[in-house]
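Undergrad: build me a structure from this.
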Amino acid sequence: MNAINPSPFRSLLTSLRSLPGSERALLEQVMHELSLHLGPAVAPKVAPAPVERVALSPWQERRAKELMSSQMDKGLSIAGIASECSLSRSHFSRAFKKNTGLSPRDWYLQLRLDRAKGLLGESALTISQISLDCGFADQSHFTRVFTRVVGVTPFNWRRSMAQALVCCAD
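TA: Reported below is the predicted structural model:
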């Protein structure tokens, strides 16, 4: 059997290290497996780099947040948003949580509640209309979720905001 020249494999490994994060780690692992298969003469003398943790690229995070914001009154499809970001649902969910610290559902809920607070404080819309505008099934569901997360009912929150404005105007 002829000896295999390890030089081309080592130069290929050097080139692979210049690739961005996850691509580099994946290709480096393939290179490592290939060199092990071909024999110890070409095996790299360095261990493969550890695989980096999953994260969304800036465009993926921006796109996901834009979609969630624009679909607030229609409901959330994590699978649809993941698809728009060219990711599987599970990969998207893990990556989104790594970027934001919140799961897509929790981030979306916080977005809806923040919008509801803005509408409660700055508009004369009914609580029922605000609940629908923010994507809740009905006023009862909105009130339960708002009270659980914020600690007061939407009505009491609106009243406290109005009283705070009166106090600040004096």
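Undergrad: need the contact list for Pro154.
TA: With contact taken as Cβ atoms under 8 Å, 6 or more residues apart in numbering, Pro154 is in contact with 116, 120, 127, 130-131, 142-143, 146-147. C-betas here are computed from N, CA, C, even on glycine.
Undergrad: now do Asp138
TA: Counted by Cβ under 8 Å, 6+ apart, Asp138 has contacts 128, 131-132.
Undergrad: buried ones among those residues?
TA: 131-132 (16 or more other Cβ atoms under 10 Å).
Undergrad: measure Leu132 to Arg112 for me?
TA: Distance, Leu132 to Arg112, using Cβ to Cβ, to the nearest Å: 11 Å.
Undergrad: again with Ser69
TA: 10 Å.
Undergrad: which one of those two is surrounded by more residues?
TA: Arg112 (23 against 12; other Cβ atoms under 10 Å).
Undergrad: thinking that one is in contact with Asp133, fair?
TA: No: in this structure, Arg112 is not within contact of Asp133 by Cβ atoms under 8 Å, at 9.4 Å.
Undergrad: list residues touching both of these two?
TA: If you check Arg112 and Asp133 against Cβ under 8 Å, 6+ apart, the residues they both contact are Met72.
Undergrad: just to revisit the earlier point, with distance to Pro58 added, can I get the contacts of Pro154 in TSV?
TA: Compiled in TSV, the contacts of Pro154 are given as follows (distance: Cβ to Cβ, whole Å):
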residue	distance to Pro58
Ala116	28
Leu120	32
Ile127	37
Ile130	32
Ser131	33
Phe142	33
Thr143	37
Phe146	32
Thr147	36
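Undergrad: and stretch 100-111, what's buried?
TA: Neighbour-count burial for stretch 100-111 [16+ other Cβ under 10 Å]: 100, 104, 107-109, 111.
Undergrad: actually stretch 137-149, not the one I typed
TA: 139, 142-143, 145-146.
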